[in-house]
Each structure stands twice: as structure tokens, then as C-alpha cells.
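**Student:** the amino acid sequence is not available; the structure is as follows:
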């Protein structure tokens, strides 16, 4: 064999060594990760592009862990925004429903004739309408009642909600104009009355916003709902968290003490508010939604606004809201997971903690969460393990989300379903 042929063979060998692996072959080699083939191709291609084909599996696993998946909430935060707020069990067969069909007449019906009507009945309102979240509810109300006009609101209530969204910005997108009154810490009824006198018919709505995710303490003053109701303008009260009735007739033990300062839809309407707006996935205990309830004539006006169609929810959300509303009307809080967890006694939680058979049984405090009832602590119990084990618990096939306090990993059982206790015990034992 000539030197030239030896040289050619060597070059071909070098080129074979340098040639990257087949993207498709590499993707098929990690098929056991369980992702669709196009996503495995993405993982393989990115790993090859970075010169590290062996990293394709890790990238695919990481991608799979970014998908929505069930987790065990052991943080003690009942309405954990990062974990979807109120826990909800809802399933629907692959079938049609009478979403917009009146089964009595056979004519086209309204999707707002089912769940919203039940919610209105549960909180003592004349009517209700549902949109996709509470910010949308406020925006639709102002668009429907005050587009191109002024909305009178206290400066102390121009709050920022989660994700950097600010109530003033949401309100301005409705086409209404803010008329700010009072100061950060003190606003009086006279401030509202003065604004109405100055702006006349241009002031279309009075808005009251519950300071659900913060408190102003010290030298403060704010008019009550009943006082604002004396003003000759529609009063809209954004109560935010969605407590239906302060009497909590759905709980055998009655209203828990930690709810004492929380406004409720029924009592706010009874105090004179014309409309209330609130979230569906907080204290209401249902899916993400924004609920507007109150006077039937105002609800009818709002429903005719073009935004009402753009913001309306689909059948899955309405079905889940319907089930939740029926539970309230049946007085059955045990079928609403949030209230079942919230009503557990500390003794029940301690008994479960002992039964886990691992870790140190500890008394702790749960929190409502979800921007609800700041600084409120709910007595609870769970187990503690020395060290920070949050990452290892998150890496389990079914992630367990815990918290760390004073160098110990705390598993608060108030937010853990009893049926998951065995899984939590196994996870803690493995530590």
C-alpha cells in the first residue's frame, strides 16, 4: 500500500472521529425519558451543538420536569401561588355539554346561567358573571360601567398584585380614568364626596379595594363599605380573596378565628356594595376565575360589553365552579379541599405526624397564602429533619415541596393530603 493511500485512510478515520453523532439516533437512545420524539430531538440537537452529546439525557429529563405535574405541598401555605393556589380535583369525560344550550326550550342558552347563578345564590347576590381572573373582573366592571369616565378610589388602595401587575394599570386598561382621593394612610368619606361634587357625572363609579396582601398600621383611617354606599354612584368592592360568607355555614366548627378581619361577599353586599369582585382560586376554593356578583341590572350592563366575550372562561372552569358552588349550597365544606385542610385541628395533625414514624414531631404555623390575610398564622403540626433537604425532595418522581426554618426541613401536614402521608414518610426516611 502506498504512503498516499495510508494518508487518505488516516484522514477518513480522523473525519469519522470528528463527525458528530446522528441527532435522530441520539434522540432515540433516550426515548425512555418519556417525552415525544420531537422534544427528544430538541434535547439531542442542543447537546450536540454544545459539543456534549452525553448531556442529552439530562437535558431531556430537565425538560420533562418543566411540564405541569402533581406535587405534594408540604409548605403549610394553603393557597401557594407557585403551586396553583387552592387544590382542586376536577375531571370531565370526553363528551359534549349543554354549555350554551337551554335543555328546556332547545334554544341557545347562556354559559352564565349555570355556575355564576349558583355562586350568586350562595353569596346572596341578584346575579353574577365569571371571567378568567380577578384582575379581569375589575377591568370588565370598570369598562362596562365607567369607560371614558372617572373612577373614585383611595390612594391607599392602589396596590400592586402578584407578578408586578398594578391595580392602577389594570384599571386604566379598562378605558376608565382614575380619580385618586385621600392619602396613603388616611382617607375619609368626605374625600369621596368632594371628588363626586367636583367631577359630577364624569365620576361614574366608586371603587373600594381590599388590602389583601399588605397592611397599613398606625395613624390610619378608611371609610367602611356602608359609608361609601351612601354616595350616589355604583359602589364596586374588590374583596379579592373570595370568602363567600363570614358565617362559614359549610364548616361544622364554624368560622375559624384567623378569618376575623377578612371581608366576605355576602356581608359586603348586605353593607351596601352594588357589586363585589373576587378570585375563584383563593378562599372560594375553586379554579382560577374572576367572579363579579351583585345587582342584576349592573351585571346585565357589564355582560353586554365586548370584553365580556374576550374574558369569558370555558366549560372546564365553569364545570369546576359549578361543583364548588353546589358544595357551598349543600353546606358541605369537606368536599372543598381547601376548607377540608384549613379546618383540620392541630391534634389531628399531630397524630398524623407521629404516625409517619420519622423525623421530629413539631408544632408550627401554616399561612393562608395567595396574597390573602398577611401576617395571619394558623396553628399547625408536622415533622422536622435536620438540614436543608428541599432539593432532594423536589427531585423525587412526585416532587415534595417543603420549607426550611432554623436549619431544619419542615414538612407541614396541614397542606398534605392524608393519603399522601405514606409517600412523605418514605421520602423522609430516605434522607
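**Tutor:** Yep, it's here. This one's a predicted model, so the numbers in the text were calculated from it and none came from an experiment.
**Student:** pick out the residue closest to the middle of this protein.
**Tutor:** Among the residues of the chain, residue 85 comes closest to the average C-alpha position under C-alpha atoms, centre = their mean, at 4.1 Å.
**Student:** all strands of the stretch 51-200 of the chain, in order?
**Tutor:** For the stretch 51-200 of the chain, the strands identified by DSSP state E, counting those that start in this stretch occupy 72-73, 77-79, 127-131, 150-154, 177-181, in order along the chain.
**Student:** mind checking which of those is nearest residue 294?
**Tutor:** When the strands of the stretch 51-200 of the chain are ranked by distance to residue 294, counting by C-beta to C-beta, first place goes to strand 127-131 at 7.4 Å. All C-beta spots, glycine's among them, are computed from the backbone N, C-alpha and C.
**Student:** turn the strands of the stretch 51-200 of the chain into TSV, columns for mean pLDDT, mean neighbour count and distance to residue 92.
**Tutor:** Putting the strands of the stretch 51-200 of the chain into TSV (pLDDT from 0 to 100; neighbours: other C-beta atoms under 10 Å; distance: least, C-beta to C-beta, whole Å) gives the following:
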stretch	mean pLDDT	mean neighbour count	distance to residue 92
strand 72-73	98	23	24
strand 77-79	96	25	24
strand 127-131	98	25	17
strand 150-154	93	24	38
strand 177-181	91	19	41
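**Student:** let me have the ones you listed in TSV, adding distance to residue 414 as columns.
**Tutor:** Converted to TSV, the strands of the stretch 51-200 of the chain look like this (distance: least, C-beta to C-beta, whole Å):
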stretch	distance to residue 414
strand 72-73	9
strand 77-79	7
strand 127-131	29
strand 150-154	35
strand 177-181	40
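**Student:** so where's the stretch 201-350 of the chain shaky on pLDDT?
**Tutor:** Filtered on pLDDT under 70, the stretch 201-350 of the chain yields the residue ranges 212-218.
**Student:** can you pull out the strands in it?
**Tutor:** Along the stretch 201-350 of the chain, the segments classed as strands by DSSP E, counting those that start in this stretch run 203-209, 235-240, 275-279, 290-294.
**Student:** of all the ones you listed, which one is nearest residue 103?
**Tutor:** Nearest to residue 103, of all these, is strand 290-294, at 24.4 Å by C-beta to C-beta.
**Student:** just the buried residues of the closest one, please?
**Tutor:** Judged by neighbour count (16 or more other C-beta atoms under 10 Å), strand 290-294 contains these buried residues: 290-294.
**Student:** for stretch 59-77, same thing?
**Tutor:** Quick answer for stretch 59-77 (16+ other C-beta under 10 Å): 59-60, 63, 71-77.
**Student:** what do you get for stretch 405-423?
**Tutor:** 408-417, 420-421, 423.
**Student:** the stretch 151-300 of the chain: helices as residue ranges?
**Tutor:** Counting by DSSP state H, counting those that start in this stretch, residue ranges of the helices within the stretch 151-300 of the chain are 167-172, 189-199, 225-228, 265-270, 296-303.
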